[in-house]
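*Asks:* what follows is a predicted structure for the sequence shown.
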Amino acid sequence: MPSEPVIAQPVSRRTIRLIAITGIVVAVIVVVSGVAVRAVGARDLRAWTSEQTLPTVNLVQPKAASSGSTLDLPSRLEAFSRAPIFARVSGYLKSWDVDIGGQVKAGQLLAVIESPELDQQLIQARADLATAQANAALAATTAKRWQALLGTDSVAKQDVDDRTGDYAAKKAVVAAAQANVERLVATKGFERIIAPFDGTVTSRDTDIGALINAGSGGVGQELFTVSDVKQLRVYVQVPQNYAPIVQVGTVATLSVPEYPGQHFTARVIASANAVNASSGTTLVQLLVDNSNGKLMPGGFASLQFKLPVQADAVRIPASALVFDARGLRVATVDANNHVAFKTVTISRDFGDAVEIGSGLTAADRVIDTPPDGLIDGDSVKVAAAAATSKAAKNG
């Protein structure tokens, strides 16, 4: 059977009013929420923009030196005693007994020189002495006879004085001839070349049959060199600013290329106490024991001095330094993240790092590689603090 038609009920005015009010409230809430979101976004944008205008810097903490640095210097080794041997007589080398590297004692024979000309000079000198002695003997006899005749008044006193004076002159000639013979005998003794002290023969520049000229320098040649190598002298040029630290008694570590990894102990025994104007260094002498014979005189050596720790010195990266018209400075950051420049002095340069002698403390916060254009009082953003703040927001 057919259904009955549904009759729609009319909506009351109260319901319509309620719906309208609800719509208005919703619209107001949407508008207010939009305005609030835009205000917060604008505030965040302003804060972000302000934050982006601040330069971000990385900080480094100055480190106090826990131990003193080392001073590495090139040096040279020399024998404790070195005697170049030259000939005192001319001739030909008859023989030599010790070659290079040989150990010798004081007075030991090194070589013999044959000097025939000197032999002939000695023969002639002895003959001259014999002649002078004979003349003196005759003059003595004559003087005595004339003095005896003086008592008889048969000769003049002047003649007696002449004979007596002649005898005195002949005696002087004998003394001169005797001295000449002794001189030649002493010179002939130099035909035997001997070692002046205990040591090692470090050079031999002659051979049998070689012509030998007496003298040194441009006249004669060096025949042998005897060196005392049980101890070696070490000579090093120390820069002027380190000279007050390297005093007599200071101990250094020595190394040589032929023994890599091995170290020897050297001790300062003398200083020139004067600065070379051309190099700005002072000459220092050290002594190193060489009883084992490992070290060789004339060789190169590297010396290391342990420098004392400077109480107020701190070390920072070299990239933190700023050099401009105001001099050498370092940019620091205070507790309020404001820039403060400090004038510093460098005591030692290690290449990638420098040791600051004055102007900085271990408590300072130093900017590493400061941006261009920073001036005192500028505000900066510390990179570590920014990262921490960002991590906190993300968390």
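*Replies:* It's in.

*Asks:* from now on I want contacts and neighbour counts done on CA atoms only, so please keep to that.
*Replies:* Will do.

*Asks:* do you know the pLDDT at the residue most central in space within the chain?
*Replies:* Centroid-nearest residue in the chain, with C-alpha atoms, centre = their mean: Leu73, separated by 3.1 Å. With respect to pLDDT, Leu73 scores 93.

*Asks:* that one: what secondary structure?
*Replies:* With DSSP: H, G, I helix; E, B strand; the rest coil as the basis, Leu73 sits in strand.

*Asks:* can you tell me the closest non-neighbouring residue to it?
*Replies:* Once flanking residues are discounted, Leu73 sits nearest to Leu303: 5.3 Å by C-alpha to C-alpha, 6 or more residues apart in numbering.

*Asks:* show me the contacts for the one you found.
*Replies:* 71-75, 252-255 (C-alpha atoms under 8 Å, 6 or more residues apart in numbering).

*Asks:* pipe those into a markdown table and attach distance to Ser115 per row.
*Replies:* Shown next, in a markdown table, are the contacts of Leu303 (distance: C-alpha to C-alpha, whole Å):
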| residue | distance to Ser115 |
| --- | --- |
| Leu71 | 56 |
| Asp72 | 53 |
| Leu73 | 50 |
| Pro74 | 47 |
| Ser75 | 44 |
| Ala252 | 51 |
| Thr253 | 51 |
| Leu254 | 48 |
| Ser255 | 48 |
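
*Asks:* out of those, which is nearest to Phe323?
*Replies:* Lowest distance from Phe323 to the contacts of Leu303 (C-alpha to C-alpha) belongs to Leu71, with 25.7 Å.

*Asks:* for that closest one, give the beta-bridge partners.
*Replies:* Assessed by DSSP bridges, Leu71 has beta-bridge partners Phe305.

*Asks:* now for it: which residues touch it?
*Replies:* 303-307.

*Asks:* buried subset of these?
*Replies:* 303-306 (16 or more other C-alpha atoms under 10 Å).

*Asks:* redo these as CSV? Include pLDDT and distance to Ser271.
*Replies:* Output for the buried ones among the contacts of Leu71, formatted as CSV (pLDDT from 0 to 100; distance: C-alpha to C-alpha, whole Å):
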residue, pLDDT, distance to Ser271
Leu303, 94, 15
Gln304, 93, 17
Phe305, 91, 15
Lys306, 87, 18
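
*Asks:* farthest-separated two in those?
*Replies:* By the measure C-alpha to C-alpha, Leu303 and Lys306 form the most distant pair in the buried ones among the contacts of Leu71, at 10.0 Å.

*Asks:* follow-up on the earlier one: could you pick out the buried ones from the contacts of Leu303?
*Replies:* Taking 16+ other C-alpha under 10 Å as the criterion, what is buried in the contacts of Leu303 is 75, 252-255.

*Asks:* out of the residues you listed, which are inside strands?
*Replies:* Among these, the members found in strands (DSSP state E) are 75, 252-255.

*Asks:* for Leu122, which three-state class applies?
*Replies:* helix.

*Asks:* what number of residues lie near it?
*Replies:* Number of residues near Leu122 (other C-alpha atoms under 10 Å) recorded here: 20.

*Asks:* could you list the low-pLDDT ranges of the stretch 1-150 of the chain?
*Replies:* 1-12, 39-53, 65-68 (pLDDT under 70).

*Asks:* same thing with the stretch 151-300 of the chain?
*Replies:* 153, 217-218.
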